[in-house]
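Peer 1: This is a predicted model, with the sequence first.
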Amino acid sequence: MPQLPRKAPSRCPHCGFVQDEPEHLISTYCRGCGSYYKVSPPSAGLARYSSEVRTRIRRRLPKVPPRQVRCYHCGQAHEVSGCARTTLCPECNAAIELSDVTVFSSTTRPIDTRGNLIITPSGYISSALTVCHEALIAGRVSGTLVSETVVRLVYSGRLSCQIKAKSMVIEKESRAELSYPIETNELIVYGQAAGNFECAGRIWIDKGGLIEGRIAAHSVIVERGGVLLAESSVRPTVKEDSVTHDDALDVLVDGDHPLPA
């Protein structure tokens with residue numbers, strides 16, 4: 001049988017009638033005069049009960065370490081709880097979401113999250129600035145999209161969006177025409193894309209991949225079956241005392257045959 005709650009005497013402030021009530025009592029009706037009254041101040045039993053409940057809740061919550069969040073409006077970074085879902089920038093008071101966002105239809109609201117962003121094929125974001133941790137783009141987006149990690153492009157058609165990310169992956173399903181420059185540290189191409197790509201690191205084109213337009217990178221690797229049809233500016237990192245040459249092209253076909261510009 002379940003354990004019954006402990007009871008303690010409670011005195012009615014109207015008639016003085018004493019009756020037994022559970023220790024976590026907040027309010028009741030007097031069985032002597034029928035008056036309604038609240039227990040004030042809360043009994044020691046109620047305080048103990050509330051403390052036990054809070055302890056049980058804390059034990060059930062996962063232990064998530066705090067995280068650093070940077071505001072892309074003012075550049076200020078601050079620490080938030082690992083369980084938080086939203087926060088405010090202490091510098092400019094901008095609202096920052098911390099949970100994942102999925103866009104199924106057209107929206108013009110600014111999206112600023114440190115969670116992941118998914119734009120479905122029916123989704124469309126029209127906003128000056130969109131910020132996220134990781135992005136999967138299968139629908140349309142305009143303005144500027146900033147990703148803290150990787151952007152995966154699964155889209156066919158013209159995309160009027162400037163993208164800035166640590167890494168960008170053009171998936172096999174993509175047949176994209178990018179109207180604005182793409183800035184990334186690494187570009188991996190499985191599908192087809194045309195545009196202006198500024199890459200601080202390497203560009204890797206897999207079998208079946210195709211890049212058209214203009215590229216700038218430190219190195220380019222084109223696997224057998226991949227295609228590069230672009231105005232290329234490849235500047236490998238070299239030592240100051242070594243021979244340097246501007247606009248050198250360092251393209252590796254099958255990973256082992258450098259071709260001259």
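Peer 2: Received, thanks.

Peer 1: Test my guess that Ser81 contacts Pro66.
Peer 2: Yes. Applying C-beta atoms under 8 Å, one finds Ser81 in contact with Pro66, separated by 5.8 Å. Heads up, the C-betas are built off the backbone N, CA and C, glycines and all.

Peer 1: Distance-wise, check Asp20 relative to Gly34.
Peer 2: Asp20 sits 17 Å away from Gly34, taking C-beta to C-beta, to the nearest Å as the criterion.

Peer 1: what residue ranges in this protein are flagged as low confidence?
Peer 2: Low-confidence regions of the chain, defined by pLDDT under 70, span residues 1-6, 23-24, 40-62, 236-261.

Peer 1: OK, contacts around the spatially closest residue to Val189 that is not a sequence neighbour?
Peer 2: Nearest non-adjacent residue to Val189, counting by C-beta to C-beta, 6 or more residues apart in numbering: Gly209, 3.8 Å away. The contact partners of Gly209, taken as C-beta atoms under 8 Å, 6 or more residues apart in numbering, are 170, 189-192, 223, 226-227.

Peer 1: I'd like to know which of these are buried.
Peer 2: Buried residues within the contacts of Gly209, defined by neighbour count using 16 or more other C-beta atoms under 10 Å: 170, 189-192, 223, 226.

Peer 1: Export those residues as TSV, with columns for distance to Val150 and secondary structure.
Peer 2: Rendered in TSV, the data for the buried ones among the contacts of Gly209 read as follows (distance: C-beta to C-beta, whole Å; DSSP: H, G, I helix; E, B strand; the rest coil):
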residue	distance to Val150	secondary structure
Ile170	12	strand
Val189	14	strand
Tyr190	14	coil
Gly191	15	coil
Gln192	19	strand
Glu223	20	coil
Gly226	20	coil
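
Peer 1: Would you map the helices across the chain?
Peer 2: Along the chain, the stretches classed as helices by DSSP state H are 44-60.

Peer 1: Among the buried ones among the contacts of Gly209, which one sits closest to Leu117?
Peer 2: Checking the buried ones among the contacts of Gly209 against Leu117 with C-beta to C-beta, the nearest one is Ile170 at 17.3 Å.

Peer 1: Now the residue most central in space within the chain. Nearest residue, chain neighbours left out?
Peer 2: The chain has Gly115 as the residue nearest its centroid, 2.2 Å off, counting by C-alpha atoms, centre = their mean. Distance criterion C-beta to C-beta, 6+ apart; nearest residue to Gly115, sequence neighbours excluded, is Asp100 at 4.1 Å.

Peer 1: Could you check how far Gly139 is from Asn93?
Peer 2: The spacing between Gly139 and Asn93, counted by C-beta to C-beta, is 30 Å.

Peer 1: Give me the more crowded residue out of these two.
Peer 2: For Gly139 and Asn93, the more surrounded residue by other C-beta atoms under 10 Å is Gly139, and the numbers stand at 21 against 10.

Peer 1: List the contacts of the nearest residue to Gly32 once chain neighbours are set aside.
Peer 2: Closest residue to Gly32 apart from its sequence neighbours, by C-beta to C-beta, 6+ apart: Phe17 at 2.8 Å. For Phe17, the set of contacting residues under the criterion of C-beta under 8 Å, 6+ apart consists of 11, 30-33.

Peer 1: again, only this time at 7 Å
Peer 2: Contacts for Phe17 (C-beta atoms under 7 Å, 6 or more residues apart in numbering) come out as 30-33.

Peer 1: cool, Arg114 as well?
Peer 2: For Arg114, the residues meeting the contact criterion (C-beta under 7 Å, 6+ apart) are 69, 96, 98, 133.

Peer 1: what's the neighbour count on the last one?
Peer 2: Yep, that's His133 we're talking about. 15.

Peer 1: Hmm, it is touching Ile111, no?
Peer 2: No. When contacts are counted by C-beta atoms under 7 Å, His133 is not listed as touching Ile111 (11.6 Å).

Peer 1: Please convert the buried members of the contacts of Phe17 into ChimeraX selection syntax.
Peer 2: Only the buried members of the contacts of Phe17 enter the following ChimeraX selection, criterion being 16+ other C-beta under 10 Å:
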select :30
